[in-house]
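**Student:** I need the structure of the sequence given here:
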Amino acid sequence: MLQDDRPKAALPAGDKTNVLRSHPLFRDLERDALDQLCRYARKRTFKRGATIFAKGDPGQSLFFIISGTVKIGVSSADGRGAIFNMVDAGEMFGEIAVLDGLARTADAIANSNCELFFIDRRDFLTLLASQPVLATKLIELLCVRLRWISDHVEQVIFPELSGKLAKALMRLIDRPGAALDKTIAITQQEIGEMLGMSRESVNKQLHEWAERKLVRLQRGSITVIDVESLKVMAERSQD
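**Tutor:** Numbering: from 1, shown residues only. I've put the predicted structure just below:
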C-alpha cells in the first residue's frame, strides 16, 4: 500500500496548537513550551493498510493522531496476527521506543486513512528535560498504558468467549477518543486477533448478541446498544 511520507505544508500555528493541546499530556504546558512543541511537530499522512513503523525499527519519532485509527500489534511468519491496541484520533503512540532508545516492540499499521503529527526523538527528549510537568504527565500516561496492558492480558486468559468479548467491547468504547454513539471501527477479524480467538467464534457470538439487540453490526464496525447488559457479562466473567 502506497503512503505519502513527504512532510506536509505547515498547519496554521493556531490549528496545530489546538490539536496538540487537546491531548492530556500537553494540556498543562506553558505557552512557550507548547509553541516549541508546535515547531517540532510535522505532519504526515498514511493510506489505510500502510505500515507506519514495524517491530524492530529504531524508535526515532513520537506520533500523535490528528485523524484516523492506528492498530498496534504483531504478525507471525505464518501470517497470524495479534492486535494489542487500537489508537484513535487525539491519542499518542510510539512513546516506549522513543523513551528508551531501543527498537519498536510492535507494528503500527494505519487502520484507516490517517493524518499524524510526528516529533523526532531528539526534539521530544530536549523538551521533556526542560518541562517537569510534561515528565510527570508522561509517567501518568505510561501507568495508564501499563494498566491497560494488564487488563488486556487478563482478558485474553478468560476461559469463556462471551465474557472476553464483552470486556473487550467495554474497554474499546471507554477509550479516549471513542465515538459518543458507542460505535467501534473494528472488524471481527481484528477483534479475534485481540482476543486470541477465531473470527468464526467471534462472528457467532456477535450475531447472537445482534439478535438480542445488544449490538448492531455494520461492515467494519460494531455499535454497542445495550451497554449495561454487556457490562454485566464482563463483570461476571471475572468472578
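**Student:** centre-most residue in the protein?
**Tutor:** Taking CA atoms, centre = their mean, the centroid of the chain lies closest to Val87, which sits 1.6 Å from it.
**Student:** so what's it bridging to?
**Tutor:** Beta-bridge pairing for Val87 (DSSP bridges): Val70.
**Student:** these two touch, right, it and Phe64?
**Tutor:** No: using CB atoms under 8 Å, Val87 is not in contact with Phe64; the gap is 9.9 Å. For every residue, glycine as well, the C-beta is placed using N, CA and C.
**Student:** domains of the protein?
**Tutor:** Following the assignment in the TED database, the chain carries domains at 13-130, 151-236.
**Student:** compare the mean pLDDT across these and name the weakest.
**Tutor:** When those are compared on average pLDDT, domain 151-236 comes out lowest at a mean of 84.
**Student:** what's the spacing between that domain and its chain's center?
**Tutor:** A distance of 16 Å separates the centroid of the chain from that of domain 151-236, by CA atoms, centre = their mean, to the nearest Å.
**Student:** same question, stretch 136-156
**Tutor:** With CA atoms, centre = their mean, you get 12 Å for stretch 136-156.
**Student:** keeping just the C-alphas, turn it into CSV.
**Tutor:** In CSV, the C-alpha atoms belonging to stretch 136-156 read as follows (Å, rounded to 0.1, in the frame of the first residue of the first chain):
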residue,chain,number,x,y,z
THR,A,136,5.0,13.9,35.3
LYS,A,137,2.2,13.7,32.8
LEU,A,138,4.1,11.2,30.7
ILE,A,139,4.6,8.9,33.8
GLU,A,140,0.9,9.1,34.4
LEU,A,141,0.2,8.1,30.8
LEU,A,142,2.6,5.2,30.9
CYS,A,143,0.9,4.0,34.1
VAL,A,144,-2.5,4.1,32.3
ARG,A,145,-1.0,2.1,29.4
LEU,A,146,0.5,-0.5,31.8
ARG,A,147,-2.9,-1.0,33.5
TRP,A,148,-4.5,-1.3,30.1
ILE,A,149,-2.0,-4.0,29.1
SER,A,150,-2.5,-5.9,32.3
ASP,A,151,-6.2,-5.7,31.8
HIS,A,152,-5.8,-7.0,28.2
VAL,A,153,-3.7,-10.0,29.4
GLU,A,154,-6.3,-10.8,32.0
GLN,A,155,-9.0,-10.6,29.3
VAL,A,156,-7.1,-12.9,26.9
